[in-house]
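**Q** the following block contains a protein sequence and its predicted model.
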Amino acid sequence: MGMPRGVWRIRNLRGSQIPSEPCKPEACKSAGPPLTSHPRLIPIRASKLRPVAATDLVSRYRQRSLWLDQLPGSLEPRASLPGDVDCDVAIVGGGFTGLWTAYYLKREQPDLRVTLIEREIAGFGPSGRNGGWASSGLAGSAAVYRRNGGDDGVRRGLAETQRTVDEIGRVASEENIDCGFLKSGALFVATTEPQYQRLMESLEDYRANGAGEDEVRLLDPEELEAMVHIPDVRGATFSEHCARIDPARLARGLAEACERRGVTIYERTAAERLTPGAVHCAAGTVRADIVLRATESYTTQLPGQKLKYLPLYSLMIATEPLSDAVWEELGWRDGLLIGDRHHLFFYAQRTTDGRIAIGGRGAPYDLRDPISERYEQNADVRERLVRTIQRHFPAAASAEITHHWGGPLGVPRDWSMSVVYDPARKVGWAGGYTGHGVGPSNISGRTLTDLVLGRKTELVSLPWVGHRSRKWEPEPFRFLASRAIVGILGSADHREDETDRAALRTKLVAPFMPPH
């Protein structure tokens with residue numbers, strides 16, 4: 001493969017200036033939900049890695065989510081950083097953003113020396129715990145992106161999210177990553193009049209942003225019934241640009257694909273700080289011409305970055321595998337993703353082994369420790385998700401709940417993602433996906449690759465490139481916003497379910513929600 005223009009300047013750039021700041025990889029310090037099949041977890045402080053027996057670590061990793069629990073093979077960490085090393089590009093964080101960036105950099109320029117460091121193991125954080133939706137749609141506010149790129153930028157951005165679903169499937173197939181990728185689309189249902197109004201508003205927004213009838217459409221009752229049997233649905237929309245995945249298998253498979261292409265991955269390696277051209281760790285220094293940060297929600301743990309995002313938790317439960325008779329009664333098409341239009345919406349998938357895995361928002365942080373293991377389980381959210389199964393999927397109402405887990409979201413002040421690269425200082429980062437990061441992280445990886453290699457592509461002109469959200473208000477105002485978002489939206493959902501009328505109280509949190 002010929003070397004593209006702009007690539008030669010990557011080498012020998014030690015003198016470039018990267019602002020000094022401590023940094024940690026995209027990994028979580030929390031202990032996680034206790035599963036009945038596993039021993040007690042051993043929490044590990046984010047600031048320091050203590051020696052822990054390999055068996056205890058593997059047990060801890062498997063308890064992070066259903067997906068990690070079911071991974072075949074070993075989860076023993078890769079080797080840690082052995083000492084000082086040199087490379088061309090250092091990436092901090094072993095989630096989807098870091099892995100996709102490493103993958104595309106090596107694919108596009110195989111001779112690049114790419115090193116990725118991860119505090120725990122690849123896929124340990126939200127990339128290995130999410131709902132498994134590889135979906136289209138803007139991860140952010142069209143109003144924000146329109147200010148950056150106009151109507152054309154918004155339309156091009158939406159089209160790129162649609163192409164990205166197929167790109168994820170292509171890479172999974174090409175790299176033999178068995179992640180259950182199945183593109184069967186996503187269904188959004190409304191069961192009250194207020195939900196139906198929001199459903200129609202969302203459809204209008206899609207139309208305004210360039211989505212045609214063949215991309216997102218309103219279903220008639222017969223079409224809905226052919227996809228799934230859900231009682232008391234007022235209306236539903238369907239998008240074909242969505243695929244079911246097992247996120248942990250995708251993340252772990254992607255890490256292996258990176259290694260096959262020559263990426264060096266160090267796990268159980270905590271980045272302590274960044275200085276110009278280097279990532280400093282306890283065991284040594286990774287000296288690099290270019291440093292990319294892929295820490296997403298955990299960026300808030302870095303000095304000076306506390307208010308970059310609002311940490312919100314999304315939580316999930318999973319049923320036991322359901323019988324063929326139950327699935328037949330549910331009429332749930334394999335691979336179909338299902339969500340609703342509550343303010344605190346649910347998102348669900350039919351897993352490859354025949355479970356319902358379903359999640360939703362609703363666990364706020366507290367002032368003492370915004371990201372903590374304490375928030376990865378929540379009895380109220382768990383009960384709400386159980387009630388959702390009972391109401392929407394009654395044939396599975398008596399199924400045992402075998403797993404309950406969660407992870408933190410990175411929510412920018414304007415709820416809109418960013419991909420940033422400073423060619424003068426040779427530093428970049430991406431994130432702020434607001435819980436919709438499976439597709440956008442792939443876009444970010446390809447975009448950072450083009451930015452690093454100096455390519456003038458369509459990707460680098462999309463409206464989230466170079467976008468910088470302002471910081472959240474200082475505490476306790478950010479904390480109060482977090483509590484208000486969860487509390488008021490939850491009470492509004494209850495009110496609407498009881499009365500079938502829109503709850504006006506949602507206007508109280510409008511200043512903290514995505515701009516319109």
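**A** All right, it came through fine.

**Q** torsion angles phi and psi at residue 266?
**A** phi -110, psi 120 (degrees, to the nearest 10).

**Q** closest to the centroid, which residue in this protein?
**A** residue 437 (3.3 Å; C-alpha atoms, centre = their mean).

**Q** show me which positions of the helix or strand encompassing residue 197 end up buried.
**A** Using DSSP states H and E, residue 197 sits in helix 193-208. Using 16 or more other C-beta atoms under 10 Å as the test for burial, helix 193-208 gives 194, 195, 196, 198, 199, 202, 203, 206. Any C-beta I mention is one placed from the backbone N, CA and C, and that applies to glycine too.

**Q** from the chain's centre, how far out does stretch 183-191 sit?
**A** Counting by C-alpha atoms, centre = their mean, to the nearest Å, stretch 183-191 is centred 19 Å from the centre of its parent chain.

**Q** what's next to it, contact-wise?
**A** 133, 135, 165-166, 169, 195-196, 198-199, 202, 219, 224, 227-228, 230, 232-244, 333-341, 391-392 (C-beta atoms under 8 Å, 6 or more residues apart in numbering).

**Q** which of the residues you listed count as buried?
**A** 133, 135, 165, 169, 195-196, 198-199, 202, 219, 224, 227-228, 230, 233-244, 333, 335-341, 392.

**Q** is it true that residue 134 lies in a strand?
**A** Yes. Counting by DSSP: H, G, I helix; E, B strand; the rest coil, residue 134 is part of a strand.

**Q** neighbours of it, how many?
**A** A total of 27 residues lie near residue 134 under the criterion other C-beta atoms under 10 Å.

**Q** what ranges in the chain fall below the confidence cut-off?
**A** Residue ranges of the chain with pLDDT under 70: 1-51.

**Q** where along it do the helices fall?
**A** 54-62, 66-69, 96-108, 142-174, 193-208, 221-227, 247-260, 324-330, 379-392, 438-452, 477-499 (DSSP state H).

**Q** can you put those in JSON lines and add distance to residue 180?
**A** Formatted as JSON lines, the helices of the chain follow (distance: least, C-beta to C-beta, whole Å):
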{"stretch": "helix 54-62", "distance to residue 180": "18"}
{"stretch": "helix 66-69", "distance to residue 180": "10"}
{"stretch": "helix 96-108", "distance to residue 180": "16"}
{"stretch": "helix 142-174", "distance to residue 180": "9"}
{"stretch": "helix 193-208", "distance to residue 180": "27"}
{"stretch": "helix 221-227", "distance to residue 180": "19"}
{"stretch": "helix 247-260", "distance to residue 180": "7"}
{"stretch": "helix 324-330", "distance to residue 180": "16"}
{"stretch": "helix 379-392", "distance to residue 180": "21"}
{"stretch": "helix 438-452", "distance to residue 180": "13"}
{"stretch": "helix 477-499", "distance to residue 180": "30"}
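
**Q** quick one: closest of the ones you listed to residue 367.
**A** helix 477-499 (5.1 Å; C-beta to C-beta).

**Q** so who does residue 353 touch?
**A** 70, 321.

**Q** residue 262 versus that one, what's the distance?
**A** Distance of residue 353 to residue 262, given as C-beta to C-beta, to the nearest Å: 34 Å.

**Q** same question, residue 396
**A** Distance from residue 396 to residue 262, by C-beta to C-beta: 45 Å.

**Q** ok, now residue 193?
**A** 56 Å.

**Q** now stretch 409-429: buried residues?
**A** By 16+ other C-beta under 10 Å, the buried positions in stretch 409-429 come out as 409-421, 426-429.

**Q** run the chain-centre distance for stretch 401-418.
**A** Worked out by C-alpha atoms, centre = their mean, stretch 401-418 lies 7 Å from the chain centre.

**Q** ok, now stretch 291-302?
**A** With C-alpha atoms, centre = their mean as the basis, stretch 291-302 stands 13 Å off its chain's centre.

**Q** and it, end to end?
**A** 16 Å (C-alpha to C-alpha, to the nearest Å).

**Q** got the buried residues for it?
**A** 291, 292, 293, 294, 295, 296, 297, 298, 299, 300, 301, 302.

**Q** what is the nearest of those residues to residue 483?
**A** Relative to residue 483, the closest of the buried residues of stretch 291-302 is residue 300; by C-beta to C-beta it sits at 16.7 Å.

**Q** grab the nearest non-local neighbour of residue 184.
**A** The shortest distance from residue 184 to any non-neighbouring residue, by C-beta to C-beta, 6 or more residues apart in numbering, is to residue 335 (3.2 Å).

**Q** scratch that, residue 443
**A** residue 164 (5.5 Å).

**Q** same deal with residue 437?
**A** residue 96 (6.3 Å).

**Q** and the closest residue to residue 330 other than its chain neighbours, how far from residue 325?
**A** Nearest residue to residue 330 in three dimensions, chain neighbours excluded: residue 395, at 5.0 Å (C-beta to C-beta, 6+ apart). To residue 325, residue 395 is 8 Å away according to C-beta to C-beta.

**Q** pretty sure residue 243 sits against residue 170.
**A** No. Under the criterion of C-beta atoms under 8 Å, residue 243 is not in contact with residue 170, lying 11.3 Å apart.

**Q** what residues are up against the residue nearest to residue 459 when sequence neighbours are not counted?
**A** Excluding the flanking residues, the one nearest residue 459 by C-beta to C-beta, 6+ apart is residue 447, at 4.5 Å. Each residue near residue 447 by C-beta under 8 Å, 6+ apart is listed here: 419, 430, 459, 460, 462, 465.

**Q** go on, residue 377?
**A** Per C-beta under 8 Å, 6+ apart, neighbours of residue 377: 33, 315, 404, 405, 406.

**Q** show me which pair in these is furthest apart.
**A** Distances among those were taken as C-beta to C-beta; the most separated pair is 33 and 315, at 9.2 Å.

**Q** go through stretch 486-499 and flag the buried ones.
**A** In stretch 486-499, counting by 16+ other C-beta under 10 Å, buried: 486, 488, 489, 490, 492, 493, 495, 496.

**Q** the closest residue to the third one other than its chain neighbours: neighbouring residues, count only.
**A** Using C-beta to C-beta, 6+ apart and skipping residues adjacent in sequence, the residue nearest residue 489 is residue 343, 3.8 Å away. Residue 343: 21 surrounding residues under other C-beta under 10 Å.

**Q** and if you look at residue 402?
**A** 16.

**Q** returning to that earlier point: can you tell me which of the contacts of residue 377 is closest to residue 474?
**A** When the contacts of residue 377 are compared for distance to residue 474 (C-beta to C-beta), residue 406 comes out closest, at 25.9 Å.

**Q** ok, and the closest non-adjacent residue to the closest one?
**A** Residue 406 sits nearest to residue 315 (C-beta to C-beta, 6+ apart), 3.7 Å away.

**Q** now swap in residue 272 and tell me
**A** Residue 272 sits nearest to residue 280 (C-beta to C-beta, 6+ apart), 5.2 Å away.

**Q** what's the spacing between that neighbour and residue 80?
**A** To residue 80, residue 280 is 14 Å away according to C-beta to C-beta.

**Q** again, but for residue 293
**A** On the measure of C-beta to C-beta, residue 293 and residue 80 end up 20 Å apart.

**Q** more neighbours, residue 395 and residue 325?
**A** For the pair residue 395 and residue 325, the greater number of neighbours falls to residue 395 (18 against 9), based on other C-beta under 10 Å.

**Q** list the contacts for the more buried one?
**A** Applying C-beta under 8 Å, 6+ apart, the residues near residue 395 are 326, 329, 330.

**Q** got the residues you listed as a markdown table, with neighbour count and distance to residue 384 columns?
**A** Converted to a markdown table, the contacts of residue 395 look like this (neighbours: other C-beta atoms under 10 Å; distance: C-beta to C-beta, whole Å):
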| residue | neighbour count | distance to residue 384 |
| --- | --- | --- |
| 326 | 19 | 22 |
| 329 | 15 | 23 |
| 330 | 19 | 20 |
